[in-house]
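**Student:** With the sequence up front, the predicted model follows.
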Amino acid sequence: MFEEPNNKIGSSAEPDSLERRRHARYPFTATVEAMEPKSQTRIQGRTSDLSRGGCYVDTISSFPAGSVVKIHLTKEMRSFEAQAEVVYSLVGMGMGVKFTDADPEQLWTVEKWVGELSGELPPEPESQRPSDQFCAEGRSGNEENDVLTELVMELMRQRVLSNAKCQAMLQKLNRAGCAKTNSAHA
């Protein structure tokens, strides 16, 4: 689902190959909870940067490189949850993680954050009515709309279409999906 780096860093604990990233990084602070599913071990920290493909987690305790974790980022009223792989780990400092799998709604959250950080999207208004939130996040309840939303997101990630063009398409899909949902409930 997410792009793999050109050269896999492997289990090295040193971030000597950081410039192999495919996505631009942006300073970003969010609370983080990472959990290793086998042992149920939880680590808390905060991000210091974010990209479409991963983030750096500042934490005193970190998982070793190669660990597969479930990661949850929260900033203000938005959150992101995905499966991730620890690419490198610095004892007492933190870890770099690569997102490996997430639901389309979750991917949209990262796209919004990165779009806001890069200046490609305006910041989302702080307060949104709860009834609008369901549709604003692309969850129309319409399977066709959800598939089209996922397709547009993939075109944006692959840089086939510009972020602005994709954003306009996603807004149209969102309005159409919400209109169908609202008319079905009327």
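**Tutor:** Thanks, I have the structure now.

**Student:** And the next helix or strand past the longest strand seen in the chain?
**Tutor:** In the chain, ranked by residue count with DSSP state E as the criterion, the top strand is strand 78-90. Sequence-wise, the next helix or strand downstream of strand 78-90 (DSSP states H and E) is strand 94-101.

**Student:** Show me what the helix or strand just after that next one is packed against.
**Tutor:** Using DSSP H and E, the next helix or strand after strand 94-101 towards the C-terminus is helix 104-118. Helix 104-118 sits against strand 26-27, strand 41-50, strand 78-90, helix 143-157, helix 163-185, with contacts defined as 3 or more CB pairs under 8 Å, 6 or more residues apart in numbering; DSSP states H and E. Glycine gets a C-beta too; all of them are placed from N, C-alpha and C.

**Student:** Try it again at 10 Å.
**Tutor:** strand 26-27, strand 41-50, strand 54-58, strand 68-75, strand 78-90, strand 94-101, helix 143-157, helix 163-185 (3 or more CB pairs under 10 Å, 6 or more residues apart in numbering; DSSP states H and E).

**Student:** among those, which is nearest Glu111?
**Tutor:** For Glu111, the closest of the helices and strands packed on helix 104-118 is helix 143-157, at 6.6 Å, according to CB to CB.

**Student:** Quick check: which helices or strands does the closest one pack against?
**Tutor:** Partner elements for helix 143-157 (3+ CB pairs under 10 Å, 6+ apart): helix 104-118, helix 163-185.

**Student:** ok, Ser79 - how many residues close by?
**Tutor:** As a burial measure, Ser79 scores 14 neighbours (other CB atoms under 10 Å).

**Student:** Show the pLDDT at it.
**Tutor:** The model reports Ser79 with a pLDDT of 93.

**Student:** And Ala176, by the same measure?
**Tutor:** Value listed for Ala176 in the pLDDT field: 70.
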